[in-house]
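Below are the sequence and a predicted model; questions follow.
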Amino acid sequence: MARGPVAGALGAVGSRVLRGRPARLGGDEAGLAWSHTPTEALLVATDDGVDLHVEIDAPKAASRGRRHLAGRTPTVVFVHGFALTMQSWVLQRRAMVEQGMRVVAYDQRGHGRSSLPDLDTCTVDRLGRDLARVIEATCPTGPVVLVGHSMGGMSVMSFAGAHPDVVRDRVLAVALVSTSPGGHEVTEFGLGPLAGRVVGAMGPGVLTRLSRHAGPIGVLRRMGKGVQDLAVARWAFDSPVSAGLVDLVAEMIFATPFDVMAAFLPDIDALDLVPRLGALTGVETLVMNGAGDLITPPSHSVEIVRHVPGAEHVVVEDAGHILMLEHPDLVTEQLVGLVQRAQRAVAEGVPVSSKPRVRRTVQDISKKRRAARSRREAAS
C-alpha cells in the first residue's frame, strides 16, 4: 500500500526523533504501576448532557510527619490536559492522599471515560463550566486547591474568571502546570510538532477526516507503534523515561477521538484568558514549566505570572510537557509546598498579593541519580 502524506510525514519525523532519542530507563521507574483504585467513582452530568467520569480519593489519617498540613482538610481537584486523562495525575493523587488531603480527579469531556459531547461544545469556556459542575457535585463546601495541566490549566483559568466569588471564598491555592493563557501559537497543542505541522498544512479538519476513515487510521496504527512512541517521547519529555511511561502517554493520546481533538484546536488557538487572571489575585498560585517543553515553554506562562501578584514560577530543567509524569516527586513536592504556604498565609493573615513574584529554576536531582545508576548498570 502506498503511504499517504500523513504517513510519510510520520515516518520522516520519526526517523529524526529516533536519531535524537535518549536511552530509556529501566529499574524502578519502568516498574511503576499506573493503575489507581479510588474511594468512590461517579458520573457528574453537565447542563448539556455530557457525563463526566469523576473519582474521589478519601484522605489517609494524618501521621506525626504530616502535622504541617493539619487544619481543615482541603480537596485537591486535578484537571488533566489535552488528549490525556485523569490517569496522568495518578502519582500525585496517591501522594496527596498520603499527605492527608482529599482528592478529586475527572476526565474532561470527550476524553477518557467521560462521554462524547457535541463537537461545537469543545471549548475552553465549556471546560471551565464543567469544572464548576464537578466542584459543585464533589466538594460543595470547604477549601479547594485547583491543579490544572496544559488544557486543564486553561480550564482552571476559565473557571476562575467566571466564578471570582467562589475563588475568593473557597480556593485556597492554584497550580498551573505547563499551560498558557493564550496569545501564542498553540495549534499543535498536545499533539507535538509533527501533528501540528500536518494540521497546519491540511487544516484542523484533517483530524476529523482521518477519524472517519479506517484506512488512514490503520496506516497510523500499523506504522505507528514505533513512530508514535518516538513522537510522543520527543514532545512529551526532555529526559530519559521508561518505555512503560511512553506507552502510557501514547495510549491516552491515541485513545482520544480525533474529531474531539480537532474540535478543540480552533478555540485553543484563538484563546485569550488574560482578562480572567485577575480573579486569582490574593490566591496562592504556583506556575510550573519544563525548560524543554516544546508545546508550552516557560515563555507561555510569563503572562500568567505577570498578572497574578505573588505568583511563584518554577522552571524545571530537563523536563518536557508532561511534567508530573516525567518528574513526579518534584511536582508533588512543589504541590505540597504550595498548600503549606497557602495554609500558613491564611493562619497568619498574610496577604498573598503582598508577596514578591518569585522565579526559580530547579533540577530533579533524584532522577539524575537514578539515570546515572541505570547507565552504570547497563554498561556493566
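The structure has been received and is ready for your questions.

wait, isn't residue 81 in contact with residue 149?
Yes. Using CB atoms under 8 Å, residue 81 makes contact with residue 149 at a distance of 4.5 Å. For every residue, glycine as well, the C-beta is placed using N, CA and C.

shared neighbours, those two?
88, 178-179, 322 (CB atoms under 8 Å, 6 or more residues apart in numbering).

Show the contacting residues for the residue nearest to residue 324 when sequence neighbours are not counted.
Once flanking residues are discounted, residue 324 sits nearest to residue 331: 4.5 Å by CB to CB, 6 or more residues apart in numbering. Taking CB under 8 Å, 6+ apart, we find residue 331 in contact with 92, 177, 288, 323-324.

Please spell out the PyMOL selection for the buried subset of the residues you listed.
Of the contacts of residue 331, the buried ones go into a single PyMOL selection, burial set by 16 or more other CB atoms under 10 Å:
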select buried, resi 92+177+288+323+324
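
Just the contacts of residue 331: which are in strands?
Of the contacts of residue 331, the ones assigned to strands by DSSP state E are 177, 288.

do you know how far residue 48 is from residue 168?
Residue 48 sits 27 Å away from residue 168, going by CB to CB, to the nearest Å.

In the sheet, which residues pair with the residue sitting nearest the centre point of the chain? Tell me.
Compute the mean C-alpha point of the chain, and by CA atoms, centre = their mean the closest residue is residue 149, 2.6 Å away. Legend: beta-bridge partners of residue 149 under DSSP bridges are residue 177.

My guess is it contacts residue 86. True?
No. Using CB under 8 Å, residue 149 makes no contact with residue 86, being 10.5 Å away.

Identify the contacts common to those two.
residue 80.

Surely residue 313 is in a strand?
Yes. Applying DSSP: H, G, I helix; E, B strand; the rest coil, one finds residue 313 inside a strand.

neighbours around it, how many?
22 (other CB atoms under 10 Å).

chain center to the helix or strand residue 132 falls within: distance?
Element membership for residue 132 (DSSP states H and E) is helix 124-138. The chain centre lies 16 Å from the centre of helix 124-138; the measure is CA atoms, centre = their mean, to the nearest Å.

For the stretch 251-380 of the chain, which segments count as helices?
Applying DSSP state H, counting those that start in this stretch to the stretch 251-380 of the chain gives helices spanning 258-269, 302-307, 323-326, 328-348, 365-379.

looking at those, which is closest to residue 74?
Taking CB to CB, helix 328-348 is the member of the helices of the stretch 251-380 of the chain nearest to residue 74, at 6.5 Å.

Could you tell me how far the closest one lies from the centre of the chain?
For helix 328-348 - counting by CA atoms, centre = their mean - the centre lies 18 Å from the chain centre.

Going by neighbour count, which residues of that helix are buried?
328, 330-332, 334-336, 338-339, 341-343, 345-346.

Low-confidence stretches in the chain?
The chain contains residues with pLDDT under 70 at 1-32, 62-71, 184-228, 357, 368-380.

quick one: the strands in it?
40-45, 51-57, 75-79, 102-106, 144-149, 171-177, 284-290, 312-316, 358-362.

what lines up beside the last one in the sheet?
Spelled out, it's strand 358-362. Strand pairing (DSSP bridges) places strand 358-362 next to strand 312-316 (parallel).

now the angle between strand 171-177 and the partner strand, please.
Note on geometry: by axes from the mean of the first three to the mean of the last three CA atoms, to 10 degrees, strand 312-316 and strand 171-177 are set 30 degrees apart in direction.

what's in contact with strand 312-316?
285-291, 298, 301-302, 305, 323, 327, 330, 334, 338, 357-364.

what's the answer for stretch 109-119, then?
Stretch 109-119 has contacts (CB under 8 Å, 6+ apart) with 46, 48, 50-53, 80, 83-87, 106-108, 121-122, 126-127, 130, 252, 255-257, 259-260, 263-264.

please redo it, this time with the cut-off set to 6 Å
50-53, 85, 107, 256, 260, 263 (CB atoms under 6 Å, 6 or more residues apart in numbering).

cool, stretch 278-289 as well?
For stretch 278-289, using CB under 6 Å, 6+ apart, the contacting residues are 160-161, 164, 167, 171, 173-178, 298, 301, 304-305, 308-309, 311-315, 338, 341-342, 352-353.

measure it end to end?
21 Å (CA to CA, to the nearest Å).

For residue 311, which non-adjacent residue is closest in space?
Nearest non-adjacent residue to residue 311, counting by CB to CB, 6+ apart: residue 285, 4.2 Å away.

got it, and residue 91?
residue 328 is the one closest to residue 91 (CB to CB, 6+ apart), at 4.1 Å.
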